[in-house]
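>>> Sequence and predicted structure, then a few things I'm wondering about:
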Amino acid sequence: ITATDASGVVLIEYVWSDDISAPTSGWSEINNGDSVSLNRTSGSKYLHVYSEDVYGNGTFFCSNAFVFEYTPIVDYYFEGVGHMIGQAIATDAENNSYITGTIQQSGQWDMVVWKIKLNGELDTTFNSPDGFYIYDDGGMNDAGFDITLQDDGKILITGDSRDCDMAVWRFNTDGSLDTTFGVDGVFVHHNAAGGDLGDRGIGIDVQSNGKIVVTGHSFSIMDDECADMVIWRLNVDGTLDGDFGDGTCHNGVGDGNNYGCSVHANPVGASAGWEKGQTIKVQSDGKIVVAGRSNDYDIRESDMVIWRYNSDGTMDDTFGDGTCHNGVGEGGNYGCVVHGVPVEGEGSGCDRGWDIEITDLGQIVVVGQKNNGSDSDMAVWRYNSAGVLDLDFNGIGYFTHHNAAGGNDGDRGNGIEILSNGQYIVFGQSKGSE
């Protein structure tokens with residue numbers, strides 16, 4: 001802060017404290033023309049600033065008092081490591097935050113989960129004394145992409161491990177791996193779609209019976225340059241559920257080893273494509289909703305897709321608006337909805353769903369990006385519970401916004417929350433002007 005005033009002399013006093021009321025001592029002065037850094041005193045939450053203007057002859061002019069509340073921005077550095085990336089966050093009843101992502105060390109990427117207290121400090125009781133847990137699978141790459149909490153407080157993370165296998169980790173509340181889950185706390189699955197080139201979990205949720213559903217993608221048996229959307233379901237103990245699926249799961253369990261997951265390809269009707277489930281939510285009736293995208297491999301364009309499955313892992317033939325290829329129900333066009341270029345003059349090329357929420361009325365709200373002809377806009381779509389665009393939402397069933405940061409070169413919504421009053425909070429990214 002700098003004390004400057006061309007008309008006279010400015011005296012500024014400041015003090016940090018842990019109380020919103022102004023303290024009676026400890027104030028420091030900044031005289032006219034001086035600049036200082038107001039470094040926070042450890043543990044303090046409030047910065048009190050008092051300024052007094054006087055004329056050159058010493059006559060009092062005016063005074064101002066301000067109180068600023070410190071809001072921590074967590075930024076942790078670990079000696080000897082490279083990049084650290086946070087991918088997803090979950091919050092418990094005490095407002096502790098659990099963040100998963102990846103950390104680079106010794107030339108490889110490892111999955112990491114941090115626990116951050118409400119005051120922005122690492123909770124060193126979590127995997128004591130660290131406050132975080134790094135999973136290193138013997139020199140291979142691992143990554144966490146989504147995180148959720150069970151009702152008992154245990155922590156579930158999905159991502160990939162062993163370089164290219166879908167993985168789910170479960171941690172106890174103290175930050176240790178839960179060895180009653182999977183194998184030593186980890187479930188790993190390979191080759192769900194038959195392509196034998198890699199799988200990834202990207203979204204995770206928990207059903208009311210405690211079973212765990214994960215969405216993501218797996219390389220396809222039909223084309224090794226393409227991938228299919230997958231939903232896996234795990235029992236509470238971290239094993240594949242043989243009662244779940246529609247017979248499309250490779251390397252599974254149950255009848256013909258074709259259960260434990262459901263695989264879907266080509267909802268846009270392309271000759272070849274890349275399908276990705278990005279986010280997953282379980283409805284109150286147990287049905288499973290996934291949002292993501294489907295790419296037409298030949299023309300390199302993608303459409304936003306919402307899939308809905310019954311609780312047993314079969315596609316829901318009551319869901320959709322007839323835009324789903326390779327689906328179920330009438331004409332084989334139900335079980336999912338595809339949204340690309342419904343209005344003349346709109347662009348095509350990159351429509352994707354990145355996050356999903358379900359309202360108390362059963363409406364399905366998806367946030368992501370929609371192409372405008374030259375780049376992308378942030379987009380929010382709303383469908384009714386039957387899978388039809390809700391025209392009460394912005395008159396056309398979706399909302400777009402362009403150029404939030406002024407760079408005029410692409411916007412994207414990454415996440416969405418529904419407030420108690422029904423309004424939506426969307427966060428994402430927009431390219432700036434510099």
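Alright, I've got the coordinates.

>>> can we go C-alpha only for contacts and neighbour counts from here?
Will do.

>>> what about the helices in the stretch 1-150 of the chain?
In the stretch 1-150 of the chain, no helices are defined using DSSP state H, counting those that start in this stretch.

>>> Quick one: the strands in it, in order.
Here the stretch 1-150 of the chain has its strands, by DSSP state E, counting those that start in this stretch, at 8-17, 28-30, 46-55, 60-69, 84-91, 97-105, 108-116, 132-135, 143-149.

>>> what does the stretch 301-434 of the chain give?
According to DSSP E, counting those that start in this stretch, the strands that the stretch 301-434 of the chain contains are 301-309, 336-339, 352-358, 364-371, 376-383, 398-401, 406-418, 424-432.

>>> Ranking the ones you listed by mean neighbour count, which comes first?
strand 364-371 (a mean of 28; mean count of other C-alpha atoms under 10 Å).

>>> so what strands line up beside that strand?
Here strand 364-371 is paired, per DSSP bridges, with strand 352-358 (antiparallel), strand 376-383 (antiparallel).

>>> how near is residue 243 to residue 167?
As judged by C-alpha to C-alpha, to the nearest Å, residue 243 and residue 167 stand 20 Å apart.

>>> between those two, which one's more packed in?
Higher neighbour count among residue 243 and residue 167: residue 167, with 24 against 16, using other C-alpha atoms under 10 Å.

>>> In space, what's closest to that one - neighbours in sequence excluded?
In this structure, residue 167 finds its nearest non-sequential neighbour in residue 188, 4.5 Å apart by C-alpha to C-alpha, 6 or more residues apart in numbering.

>>> Give the burial count for that neighbour, as a bare number.
23.

>>> same thing with residue 180?
Using other C-alpha under 10 Å, residue 180 has 13 other residues around it.

>>> In what element of secondary structure is residue 229 found?
strand 227-234 (DSSP states H and E).

>>> Next one: the residue lying closest to residue 91 once chain neighbours are set aside relative to residue 129, how far apart?
Leaving aside its sequence neighbours, residue 91 sits nearest to residue 97 (C-alpha to C-alpha, 6+ apart; 4.6 Å). According to C-alpha to C-alpha, residue 97 and residue 129 sit 17 Å apart.

>>> In terms of neighbours, single out the busier of these two.
The neighbour count for residue 97 versus residue 129, taken as other C-alpha under 10 Å, is higher for residue 97 (18 against 10).

>>> thinking again about what came up before, any chance of JSON lines for the strands paired with strand 364-371, columns distance to residue 235?
JSON lines is the format used below for these (distance: least, C-alpha to C-alpha, whole Å):
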{"stretch": "strand 352-358", "distance to residue 235": "24"}
{"stretch": "strand 376-383", "distance to residue 235": "30"}
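
>>> would a markdown table of those with mean pLDDT be doable?
Output for the strands paired with strand 364-371, formatted as a markdown table (pLDDT from 0 to 100):
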| stretch | mean pLDDT |
| --- | --- |
| strand 352-358 | 97 |
| strand 376-383 | 96 |
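
>>> for the ones you listed, which one sits closest to residue 289?
Of all the strands paired with strand 364-371, it is strand 352-358 that lies closest to residue 289, at 8.5 Å by C-alpha to C-alpha.

>>> What are the contacting residues of the closest one?
Residues outside strand 352-358 that contact it (C-alpha atoms under 8 Å, 6 or more residues apart in numbering) are 278-281, 283, 290-293, 302-305, 364-370, 413-418.

>>> tell me, how many neighbours does residue 285 end up with?
11.

>>> related to what we said a few turns ago, which elements pack onto the helix or strand harbouring the residue nearest to residue 167?
Using DSSP H and E, residue 188 sits in strand 186-189. Packing partners of strand 186-189 (3 or more C-alpha pairs under 8 Å, 6 or more residues apart in numbering; DSSP states H and E): strand 165-171.

>>> circling back to that earlier point, what's the closest of the strands paired with strand 364-371 to residue 219?
strand 352-358 (19.1 Å).

>>> Quick one: work out the angle between the closest one and strand 406-418.
Orientation of strand 352-358 against strand 406-418 (axes from the mean of the first three to the mean of the last three C-alpha atoms, to 10 degrees) gives an angle of 30 degrees.

>>> Give me the distance from strand 352-358 to the chain's centre.
10 Å (C-alpha atoms, centre = their mean, to the nearest Å).

>>> if we can go back for a sec, quickly, which of the strands of the stretch 1-150 of the chain bottoms out on average pLDDT?
Among the strands of the stretch 1-150 of the chain, strand 60-69 has the lowest mean pLDDT, at a mean of 50.

>>> Leaving out sequence neighbours, find the closest residue to the spatially most central residue of the chain.
Centroid check for the chain by C-alpha atoms, centre = their mean gives residue 88 as the closest residue, at 4.6 Å. In space, and not counting its chain neighbours, residue 88 is closest to residue 146: 5.1 Å by C-alpha to C-alpha, 6+ apart.

>>> Can you name the residues that contact the one you found?
Taking C-alpha under 8 Å, 6+ apart, one finds 87, 88, 89, 100, 157, 158, 159, 202, 203, 204 in contact with residue 146.

>>> same thing but 7 Å
Contacts were defined as C-alpha atoms under 7 Å, 6 or more residues apart in numbering; by that measure residue 146 touches 87, 88, 100, 157, 158, 159, 202, 203, 204.

>>> Now the buried members of those.
88, 100, 157, 158, 159, 202, 203, 204 (16 or more other C-alpha atoms under 10 Å).

>>> So which of those is the closest to residue 428?
Using C-alpha to C-alpha, the buried ones among the contacts of residue 146 come closest to residue 428 at residue 88, 12.8 Å.

>>> wait, the closest one sits on residue 143?
No. Using C-alpha atoms under 7 Å as the test, residue 88 is too far from residue 143 to be in contact (11.3 Å).

>>> any shared contact partners between the two?
residue 101.

>>> returning to what we had before: out of the contacts of residue 146, who's nearest residue 380?
residue 203 (18.7 Å).

>>> what sits against that closest one?
Listed by C-alpha under 7 Å, 6+ apart, the contact partners of residue 203 are 146, 158, 214, 215, 216, 278, 279, 280.

>>> Residue 351 now?
Neighbours of residue 351 in contact, by C-alpha under 7 Å, 6+ apart: 302, 303, 304, 340, 369, 370, 371.

>>> for residue 226, same thing?
219, 220, 272, 273, 274.

>>> Confirm that the last one lies within a helix, as I assumed.
No. The assignment for residue 274 (DSSP: H, G, I helix; E, B strand; the rest coil) gives strand, which keeps it out of a helix.
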